[in-house]
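Q: quick one, what's the 3D model for this:
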Amino acid sequence: MCRKLWFFSVLTLFGGHASSACQIALAYNSEPSPPYFIGEGYIGPSKPGAAVELLQLTAAQVGCTLKLIRVPNMRVLAEAQVGKHDGVFMYSYNAERATSFVYPTREGKPDSSRRITTLSYYLYKTKGSPVSWDGQHFSGINAPIGVNLGWSVGKDLLARGLQIEEAISTKQNFAKLRSGRIAAYATQDLAGDSEIADENITDVERLPIPLSSKDYFIMFNMPYYQQNHDRVEQFWTTLGTLRESTLPGILRKYASD
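A: Predicted coordinates:
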């Protein structure tokens, strides 16, 4: 498939269990985040990513048809907010998103038991750089820190008084880091480590202490949730159960590549 495709949609049907009366349209980022979603701008038919497979299994379990759509990260939320998509994934909780979308909750707080997964953010720097992070304090930061456009870690860094510079992809941020345009790059370790391995990058290293660890969810726009309350709650609960029973096996399949 062409890497320049910004989006591609597939309709995944699950035999006689699915019904046209129950079609759930989910959007997610066209930027890859291995092993949870693979490729750029399209959905691979055999190995689309661990999160995609988990959601496909969940949809089958609740008897719905699942429609998956990939678009650039900033469009994912904007389009879902106006009702173009029913829900989006994978997103961590923040109060701003919660004004437009509904997360699985328990006693008014995000329900970790119904998450897709937990991911950690790390700092990447060029080897020999003075940049450091001891879990409490930064040092050696003499330029902005690179982040992916729209990712929540950017707001976390701003809240710590640091400057950030956004780029649309992991590849672009690594290029900026290696050219000295940014002091460090903050991203999920799965995405960062995969880029280093795929591109055989030898002059960049990941600092050992994570910046943060966050639960990641599927969230639905408010009108869809209000009109399909029971279905959405069942989807989240089934997702949590399947995550525990099947996600480890799915991840092993991707680790074997």
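
Q: for the rest of this, base every contact and every neighbour count on C-alpha atoms.
A: OK.

Q: and Gly135, which of the three is it?
A: Reducing the assignment at Gly135 to three states with DSSP: H, G, I helix; E, B strand; the rest coil gives coil.

Q: okay, now it: neighbour count?
A: Close neighbours of Gly135, defined as other C-alpha atoms under 10 Å, add up to 11.

Q: can you tell me the closest non-neighbouring residue to it?
A: Using C-alpha to C-alpha, 6 or more residues apart in numbering and skipping the chain neighbours, the partner closest in space to Gly135 is Ile209 (6.1 Å).

Q: pretty sure the one you found contacts Tyr121?
A: No. Taking contacts as C-alpha atoms under 8 Å, Ile209 lies outside contact range of Tyr121: 9.2 Å.

Q: so for those two, which residue has more residues nearby?
A: Tyr121 (19 against 15).

Q: show the subsequent helix or strand relative to the helix or strand harbouring Asp193.
A: Asp193 is part of helix 189-198, with elements assigned from DSSP states H and E. Sequence order places strand 204-206 as the next helix or strand after helix 189-198, per DSSP H and E.

Q: strand partners of that next one, parallel vs antiparallel please.
A: strand 117-126 (antiparallel) (DSSP bridges).

Q: gap between the helix holding Asp193 and the chain center?
A: Relative to its parent chain, helix 189-198 has a centroid offset of 14 Å by C-alpha atoms, centre = their mean, to the nearest Å.

Q: and what of stretch 205-220?
A: With C-alpha atoms, centre = their mean, you get 10 Å for stretch 205-220.

Q: quick one: mean pLDDT over it.
A: The average pLDDT within stretch 205-220 is 96.

Q: do the same with stretch 99-115
A: For stretch 99-115, the mean per-residue pLDDT is 96.

Q: in it, what's buried?
A: Within stretch 99-115, the residues scored as buried using 16 or more other C-alpha atoms under 10 Å are 100-104, 110-115.

Q: show me where the stretch 51-200 of the chain has its strands.
A: 65-71, 87-91, 101-102, 105-106, 109-110, 117-126, 132-133, 138-139, 145-148, 164-167, 184-188 (DSSP state E, counting those that start in this stretch).

Q: export these as CSV, with columns for distance to Ile196.
A: Conversion of the strands of the stretch 51-200 of the chain to CSV gives the following (distance: least, C-alpha to C-alpha, whole Å):
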stretch, distance to Ile196
strand 65-71, 24
strand 87-91, 22
strand 101-102, 34
strand 105-106, 36
strand 109-110, 33
strand 117-126, 10
strand 132-133, 19
strand 138-139, 23
strand 145-148, 16
strand 164-167, 17
strand 184-188, 12
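
Q: name the residues of stretch 202-220 that are buried.
A: Burial within stretch 202-220, assessed by neighbour count using 16+ other C-alpha under 10 Å, is assigned to 204-206, 210-211, 215-220.

Q: go on, stretch 248-257?
A: Under 16+ other C-alpha under 10 Å, the buried positions of stretch 248-257 are 250, 254.

Q: now stretch 154-172
A: So stretch 154-172, judged by 16+ other C-alpha under 10 Å, has buried residues 154, 157, 163-171.

Q: pull that stretch out as PDB, backbone CA atoms only.
A: Extracted C-alpha coordinates of stretch 154-172, given in PDB (Å, rounded to 0.1, in the frame of the first residue of the first chain):
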ATOM      1  CA  GLY A 154       3.400  17.500  25.000                       C
ATOM      2  CA  LYS A 155       1.000  19.100  27.500                       C
ATOM      3  CA  ASP A 156       2.700  17.200  30.300                       C
ATOM      4  CA  LEU A 157       6.100  18.700  29.400                       C
ATOM      5  CA  LEU A 158       4.600  22.200  29.100                       C
ATOM      6  CA  ALA A 159       3.100  21.800  32.600                       C
ATOM      7  CA  ARG A 160       6.700  21.200  33.800                       C
ATOM      8  CA  GLY A 161       7.800  24.500  32.200                       C
ATOM      9  CA  LEU A 162       9.600  22.900  29.300                       C
ATOM     10  CA  GLN A 163       9.500  24.100  25.700                       C
ATOM     11  CA  ILE A 164       8.200  21.600  23.100                       C
ATOM     12  CA  GLU A 165       8.300  21.400  19.300                       C
ATOM     13  CA  GLU A 166       5.700  19.300  17.500                       C
ATOM     14  CA  ALA A 167       6.200  17.200  14.400                       C
ATOM     15  CA  ILE A 168       3.700  14.900  12.600                       C
ATOM     16  CA  SER A 169       5.600  11.700  12.900                       C
ATOM     17  CA  THR A 170       8.200   9.600  14.800                       C
ATOM     18  CA  LYS A 171      10.400   9.600  11.800                       C
ATOM     19  CA  GLN A 172      10.500  13.400  11.600                       C
END
